[in-house]
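Enquirer: Using only what follows, build the 3D model:
(2 chains)
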Amino acid sequence: MSLLYEYRVFLFSGFIQTLLMSLVVAAGTTMVAIVLVIAVRSRQRVIRIAGYTLVEVLRDIPLMVNVLMVYFMLPLVGLGFGPFWSACIAISVWGGANGAQILRAGLNSVGNGQREAAAAFNFGPAKTLLLIVLPQAMPVIIPPYVGLMTAVVQATSLGAVVGAQELLRSGQILIEQTTIMRGGSPAYLVYGSILVVYFILCSLISFAGGRLEAFYKRPYRGDANEDRIESRIHDIEATVQTSA
Amino acid sequence: MTIIDWGYIWDAVPDLLQGLKMTLLVSVLAILLSLLMGLIGCALRMSPLKIVGYAVAAYVEFIRGTPYLVQVFFVFYGLPNLGLTLSVFWSGVVALSIWASVFHIESFRAGLSSVSKDIHNTSASLGLRRWQHALLVVLPIAARSALPSTLNTVVSTIKNSAYLQAIGLVELTFVAVDRIAYEFRATEMFLSICVIYLVIVLAVSGLGHRLERRLNRPYEGR
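Expert: Residues are numbered from 1 along each chain as shown, chains lettered A, B, ... in the order given. So this is what the prediction gives:
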């Protein structure tokens, strides 16, 4: 424990990088997911098929391969971003594909009658989406989406593989240095502590997500839709990865 | 971007096949072990002893809430400090199984809880014994309900075997990255392994969907 205290500044700077990376991938995931879901729901057949293919391929390639691929291949086309940003891009793209899957299933869970009713009230597409469809889709979207958010936050640890200076990489450096200088590897202590830090971070996200979930579910409490929502959530969670 | 050199890929095929063999071996072992752990964990989770159930729930929450890569490092680099030294291969199998088992525990539990409680009385009134009730009534219903998420976890197990390149297991991704480090043919190597992973994943999930359809046949049109 004293070792951790001794190097607290070093480890804390790694943790800050992890937090920064988490924010970037959370925002990136959401942006990519929205773009992909627009593509998947496009009226143009070509765009729709391209969207589907992209979502499917990105979900089927291991995240580790995705991270390494972006890191090694972007420089080939003259886009060298360094480890931090290439890891962020890779994780956002992977998360975005899973997010698009969640959004698509969530939007599909709202019956067509709702859209027709909105059209009968002379609601435009934007108004229909924001005022009619999304509020009803949210209870289905939020729980798996919160799971995805914890997954992309966990995935930031993959930055260590390509050399981004985040928490795991700081831990690795600390272990290497201590082993060389003092002998005896503190791997058990350092990796154990990193596990605990991530667990606390993800628990906080899940807790906040739970509050959000409760907020969106409130209108349906105790009515017949509650079970339907639960089973939809279960179906979506069976198709996306909620941990990385 | 450079044009793809097919000859280079052809030359790399023996290495890639070696890596593929290792990927499949680790994945199959981990899938079997994690399913077994999932069954045991699910049984313990639902045990009448509250403490045991909570312990399993805590295990599930902890593994789900922590990055898989750190778990891999903990098993490979950390456990020797505790006096448990595993080879790269077995570290990989153990870490992968631990990760997958928690999802199996959850999906098995969800499957079991999808079976209505009233069905117990139905079985009792038909004079079925407890094991008959469990094996002939509950299991077929629960298995169908748990199948999609179980398949998802099985596919993820194969994909996540790629993380094990980080501890130096010579599997598919390791082979590709290793060759890139010496020969700088990133395009060719990543194209090859992406295609291989895609084929494996699509094949396994395709088989899974066939199984799902086969099992759902009695319920079609209802």
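Enquirer: from here on, contacts and neighbour counts on C-alpha atoms
Expert: Noted.
Enquirer: Around chain A, which positions in chain B sit nearby?
Expert: Near chain A, the residues belonging to chain B are B:1, B:62, B:64-71, B:73-74, B:77-79, B:81-82, B:148-150, B:152, B:156, B:159-160, B:162-163, B:166, B:173, B:186-187, B:190, B:194, B:197-198, B:201-202 when assessed by CA under 8 Å from any CA of the partner chain.
Enquirer: Okay, buried residues for stretch B:15-35 please.
Expert: Residues of stretch B:15-35 classed as buried by neighbour count (16 or more other CA atoms under 10 Å in any protein chain shown): B:15-16, B:19-20, B:22-28, B:30-31, B:33-35.
Enquirer: Emit the PyMOL select command for whichever of the residues of chain B next to chain A are buried.
Expert: If you want just the buried ones from the residues of chain B next to chain A in PyMOL, going by 16+ other CA under 10 Å, the selection is:
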select buried, chain B and resi 62+64+65+66+67+68+69+70+71+73+74+77+78+79+148+149+150+152+156+159+160+162+163+166+173+186+187+190+194+197+198+201+202
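Enquirer: which residues touch the closest residue to chain B within chain A?
Expert: When scored by CA to the nearest CA, chain A has A:Y188 as its residue closest to chain B, at 3.7 Å. Remark: with contacts taken as CA atoms under 8 Å, 6 or more residues apart in numbering or on different chains, A:Y188 is in contact with B:74, B:77-79, B:81-82.
Enquirer: One more: B:L215?
Expert: Going by CA under 8 Å, 6+ apart, B:L215 touches B:R144.
Enquirer: still on that earlier bit, among the buried residues of stretch B:15-35, which one lies nearest to chain A?
Expert: Looking at the buried residues of stretch B:15-35 and their distance to chain A, the nearest is B:T23, at 12.2 Å (CA to the nearest CA).
Enquirer: Just the pLDDT for the residue in chain B that chain A sits nearest to.
Expert: Nearest residue of chain B to chain A: B:G78, at 3.7 Å (CA to the nearest CA). B:G78 carries a pLDDT value of 91.
Enquirer: tell me the secondary structure for it?
Expert: On the three-state scheme (DSSP: H, G, I helix; E, B strand; the rest coil), B:G78 is labelled helix.
Enquirer: Identify the residue nearest it in space, chain neighbours excluded?
Expert: Taking CA to CA, 6 or more residues apart in numbering or on different chains as the measure, B:G78 lies nearest to A:Y188, with 3.7 Å between them; neighbours along the chain are not counted.
Enquirer: Pull up the per-residue confidence for the one you found.
Expert: At A:Y188 the predicted local distance difference test score is 90.
Enquirer: what's the helix or strand for it?
Expert: Element membership for A:Y188, per DSSP states H and E: helix A:187-217.
Enquirer: Buried residues of that helix, list them for me.
Expert: If you call a residue buried by 16+ other CA under 10 Å, then helix A:187-217 has these buried ones: A:187-192, A:194-195, A:197-199, A:201-203, A:205-206, A:209, A:212-213, A:216-217.
Enquirer: So which of the residues of chain B next to chain A are in helices?
Expert: Those of the residues of chain B next to chain A mapping onto helices are B:62, B:64, B:68-71, B:73, B:148-150, B:152, B:156, B:159-160, B:173, B:186-187, B:190, B:194, B:197-198, B:201-202, per DSSP state H.
Enquirer: anything in the top helix by length along chain A near chain B?
Expert: In chain A, assigned by DSSP H, the helix with the most residues is helix A:8-40. No. Looking at helix A:8-40 against chain B by CA under 8 Å from any CA, there are no contacts, and the closest approach is 12.2 Å.
Enquirer: Return the very next helix or strand once past that helix as CSV; C-alpha atoms alone will do.
Expert: Per DSSP H and E, the first helix or strand lying C-terminal to helix A:8-40 is helix A:45-60. Written as CSV, here are the backbone C-alpha positions of helix A:45-60 (Å, rounded to 0.1, in the frame of the first residue of the first chain):
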residue,chain,number,x,y,z
ARG,A,45,-31.1,1.6,-50.2
VAL,A,46,-27.4,1.9,-50.8
ILE,A,47,-26.8,3.9,-47.6
ARG,A,48,-28.9,1.5,-45.6
ILE,A,49,-27.1,-1.5,-46.8
ALA,A,50,-23.7,0.2,-46.2
GLY,A,51,-24.8,1.1,-42.7
TYR,A,52,-25.9,-2.4,-41.9
THR,A,53,-22.7,-3.9,-43.2
LEU,A,54,-20.6,-1.4,-41.3
VAL,A,55,-22.4,-2.0,-38.0
GLU,A,56,-22.3,-5.8,-38.4
VAL,A,57,-18.6,-5.9,-39.4
LEU,A,58,-17.5,-3.5,-36.6
ARG,A,59,-19.4,-5.5,-34.0
ASP,A,60,-17.9,-8.8,-35.2
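Enquirer: Tell me which residues are up against helix A:45-60.
Expert: A:36-37, A:39-42, A:93-94, A:97-98, A:100-101, B:159, B:197-198, B:201-202.
Enquirer: Any idea how far the helix or strand that comes right after it is from the middle of the chain?
Expert: Past helix A:45-60, heading to the C-terminal end, the next element that is a helix or strand (DSSP H and E) is helix A:63-73. Helix A:63-73 has its C-alpha centroid displaced from the chain centroid by 17 Å (CA atoms, centre = their mean, to the nearest Å).
Enquirer: Now the element after helix A:63-73, going C-ward?
Expert: Scanning onward from helix A:63-73 (DSSP H and E), the first element met is helix A:82-108.
Enquirer: Is there contact, residue-wise, from that next one to chain B?
Expert: No. Against chain B, helix A:82-108 shows no contacts by CA under 8 Å from any CA, the least distance being 12.8 Å.
Enquirer: could you give me the average pLDDT of that helix?
Expert: Throughout helix A:82-108, pLDDT has a mean value of 94.
Enquirer: Nice, that's everything, thank you.
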